[in-house]
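1. Here is a sequence together with a model predicted from it:
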Amino acid sequence: MGAALSGSRVLEREGMELPDSLWAASASAAPATPPLLADAVADVAIIGAGFTGLCAAIQLAEAGISCVVVDAAEPGWGASGRNNGQVIAGLKQDPEIIEKVFAGDMGQRLVAFGGDAPSKVWALIKRYGIDCSANRKGWIQPAYTRGGIAAVQRRHAAWTQRGVKAHLLGEGALQSKLGTGKYTLGWYDPRGGSIQPMDYARGLARVGLALGVRIHAQCHARKLQRRNGQWHVSVGEHLLKTHHVIVATGAYADDLVPGLRKSFVPVRTAQIASEPLNAEQLKHILPGGQVCSDTRQLLTSFRLSPDGRLVMGGAGATSGPSHQAIVPYLQRAGNELFGHLGPLRWAYQWSGCFAVTTDHLPHVHEPEPGLHISVGCNGRGIAVSTSLGLCLAERVMGASALELPVPVTSIEGVAFHRFHRLGVKLATTCKRWQDRLQ
């Protein structure tokens, strides 16, 4: 999950307040980002103050390029501040699939883009001293089904062939590292880890502000027009004039860019957090500090928060406005994995939307000169959205489209998009049965 918000459609449904999440409750205070109160001029306008938009702004500001970032809510309001906080390498598609879809150099660069994405997060955190409880202890993916065992073996082989010091974990090693005996095989990826995602978003905003980026919250970008080689962005009652526009709204896109909202499916997934674990639970559950997400069709992810809570995500999805129907699946998964260590008392539940593309790969679009768009982290939001922001900044600074590690493509609508809620419901049901049958 790496989205930010531009329009009013989701705000009207969910409200402008932050969700009652663990991350919102425990994050440092938000920096001052007052609304835009007058017309403005900048080299680049960025719509969406999530990881993508903020990282692009930082990269551009470092190069002396003036930026204005506008968000209809506030930095980190969308998926950037609502995800599980796991920093995972790779894209949703496995390397060999990507290299079949994009033959030659393009496929290799796209695989490398996903594989190197966590390093961009760690580098930004270190360079600017962002206080977001960064934890680089690695990521574990255990197999949940028979099919998952083959996937684990395949992914381990694919990444070790590409120089990653990954290794397989048997049943005993998994039990000691995870605290549960539900899995028999997994693989460990040292590139991964975790952050407090709201602190990361707010930290990026502070860095941007210190570099001279103007960030304005509660600003709805209502209209984009290109006039005489310049972009005019209508923001509330004011006009923002700029040479380039970056649209980084992710799953929360509205109709600002024609066709963008219908080029992906917005999927809502939930997170839950327990009360602080007791000493015995902490002794066994992820004692080495790794993070984990398994191979279920509806994957279940789990990690410890900085204050010792179990935070679980996934286990279901919806395209509706509420997460109430999927929270019980998460609670059940938590109890199945760790109930033997004592009762888990759940203190928080929240959700957010991420964008799923038809090919499960990130998309970059340039429908008009000077208009740059990225969408589709497909559940790998923190690392991928950070890297996408840096890529879009490079493009604005003069890199050719052919130099980007993500191909620039046209905006294509998802077939039968009007029925996407029913489609997500059916897909979720089918995937849940697939896991049970295996």
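-> Noted; the coordinates are in hand.
2. quick one: average confidence on stretch 43-52?
-> Stretch 43-52 carries an average pLDDT of 98.
3. which parts of that stretch are buried?
-> The neighbour-count check on stretch 43-52 (16 or more other CB atoms under 10 Å) flags 43, 44, 45, 46, 47, 48, 49, 50, 51, 52 as buried. C-beta coordinates here come from the backbone N, C-alpha and C atoms, glycine included.
4. Tabulate those (a markdown table), appending secondary structure.
-> Converted to a markdown table, the buried residues of stretch 43-52 look like this (DSSP: H, G, I helix; E, B strand; the rest coil):
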| residue | secondary structure |
| --- | --- |
| 43 | strand |
| 44 | strand |
| 45 | strand |
| 46 | strand |
| 47 | strand |
| 48 | coil |
| 49 | coil |
| 50 | coil |
| 51 | helix |
| 52 | helix |
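5. Most remote residue from the middle of the protein, which is it?
-> Here the chain reaches farthest from its C-alpha mean at residue 228, the gap being 35.7 Å by CA atoms, centre = their mean.
6. ok now do that one, which residues does it touch?
-> With CB atoms under 8 Å, 6 or more residues apart in numbering as the criterion, no residue contacts residue 228.
7. Tell me the pLDDT of it.
-> Per-residue confidence at residue 228 stands at 90 (pLDDT).
8. do the same with residue 409
-> 96.
9. my guess is it meets residue 362, correct?
-> No - look at residue 409 against residue 362 with CB atoms under 8 Å: they stay out of range, at 10.4 Å.
10. re earlier: looking at the buried residues of stretch 43-52, which is nearest residue 174?
-> residue 51 (30.5 Å; CB to CB).
11. quick one: the lengthiest helix in the chain to chain centroid distance?
-> Using DSSP state H, we find that the single longest helix of the chain is helix 105-128. On the basis of CA atoms, centre = their mean, to the nearest Å, helix 105-128 is displaced by 14 Å from the centre of the chain it belongs to.
12. If you count contacts, what does it end up packed against?
-> helix 51-62, strand 86-87, helix 95-101, helix 197-210, helix 381-396 (3 or more CB pairs under 8 Å, 6 or more residues apart in numbering; DSSP states H and E).
13. at 10 Å what do you get?
-> Contact partners of helix 105-128 among helices and strands, from 3 or more CB pairs under 10 Å, 6 or more residues apart in numbering; DSSP states H and E: helix 51-62, strand 86-87, helix 95-101, helix 146-160, strand 193-194, helix 197-210, helix 381-396.
14. hang on, the earlier thing: return the member of the buried residues of stretch 43-52 nearest to residue 190.
-> Using CB to CB, these come closest to residue 190 at residue 51, 22.1 Å.
15. quick one: that closest one and residue 386 touch, right?
-> Yes - contact status for residue 51 versus residue 386: in contact at 5.1 Å, counting by CB atoms under 10 Å.
16. Need the residues touching each of those two.
-> 2, 80, 121, 124, 200, 204, 377 (CB atoms under 10 Å, 6 or more residues apart in numbering).
17. distance of the third one from residue 388?
-> By that I understand residue 121. To residue 388, residue 121 is 12 Å away according to CB to CB, to the nearest Å.
18. Measure how buried residue 158 is and give me the count.
-> Using other CB atoms under 10 Å, residue 158 has 19 other residues around it.
19. what does residue 280 give?
-> The number of residues packed near residue 280 is 10, by other CB under 10 Å.
20. cool, the one 10 residues further on as well?
-> A total of 22 residues lie near residue 290 under the criterion other CB under 10 Å.
21. dump the residue contacts of it.
-> 86, 135, 137-140, 177-178, 188-190, 192-194, 303-304.
22. Which ones among those lie within helices?
-> Reading helices off these with DSSP H, I get 177, 178.
23. and of the contacts of residue 290, the nearest to residue 60?
-> residue 193 (26.6 Å).
24. Look up how far residue 200 lies from the closest one.
-> For residue 193 relative to residue 200 (CB to CB), the value is 12 Å.
25. anything in contact with each of those two?
-> With CB under 10 Å, 6+ apart as the test, residue 193 and residue 200 both reach 85, 87, 121, 134, 382.
26. Model confidence for the third one, exactly?
-> As summarised for this prediction, residue 121 has a pLDDT of 98.
27. For it, give me its contacts.
-> Residues counted as contacts of residue 121 (CB under 10 Å, 6+ apart) are 51, 55, 87, 130, 132, 134, 136, 193, 195, 200, 382-387.
28. Quick check: of these, which lies closest to residue 356?
-> residue 384 (12.9 Å).
29. Leaving out the residues flanking it, which one is nearest to the closest one?
-> Among residues not flanking residue 384 along the chain, residue 377 sits closest, at 4.5 Å (CB to CB, 6 or more residues apart in numbering).
30. Roughly how far does that neighbour sit from residue 361?
-> Here residue 377 is placed at a distance of 10 Å from residue 361 (CB to CB).
31. Find the residues that touch each one of those two.
-> Joint contacts of residue 377 and residue 361 (CB under 10 Å, 6+ apart) are 91, 92, 384.
32. Save those residues as TSV, and put in pLDDT, neighbour count and distance to residue 250 too.
-> Shown next, in TSV, are the shared contacts of residue 377 and residue 361 (pLDDT from 0 to 100; neighbours: other CB atoms under 10 Å; distance: CB to CB, whole Å):
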residue	pLDDT	neighbour count	distance to residue 250
91	96	26	15
92	92	20	15
384	97	31	11
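33. Of those residues, which is the nearest to residue 159?
-> residue 91 (12.1 Å).
34. Surely the closest one and residue 102 touch.
-> No - at 11.5 Å, residue 91 and residue 102 do not qualify as touching, with contact defined as CB under 10 Å.
35. shared neighbours of these two, anything?
-> Contacts common to residue 91 and residue 102, judged by CB under 10 Å, 6+ apart, are 110, 111, 361, 406.
36. Tell me the one of the shared contacts of residue 377 and residue 361 nearest residue 66?
-> Checking these against residue 66 with CB to CB, the nearest one is residue 384 at 26.6 Å.
37. so who does that closest one touch?
-> With contacts taken as CB under 10 Å, 6+ apart, residue 384 has the following neighbours: 2, 51-52, 88-92, 113-114, 117-118, 120-121, 361-362, 374, 376-378, 406.
38. same thing with residue 138?
-> Residue 138 touches 89, 165-166, 177, 188-194, 288-292, counting by CB under 10 Å, 6+ apart.
39. Can you tell me how far it is from residue 22?
-> 22 Å.
40. What is the burial count for residue 360?
-> Count around residue 360 with other CB under 10 Å applied: 15.
41. Could you measure from it over to residue 93?
-> From residue 360 to residue 93 the distance is 5 Å (CB to CB).
42. before we move on, what about residue 35?
-> Distance from residue 35 to residue 93, by CB to CB: 40 Å.
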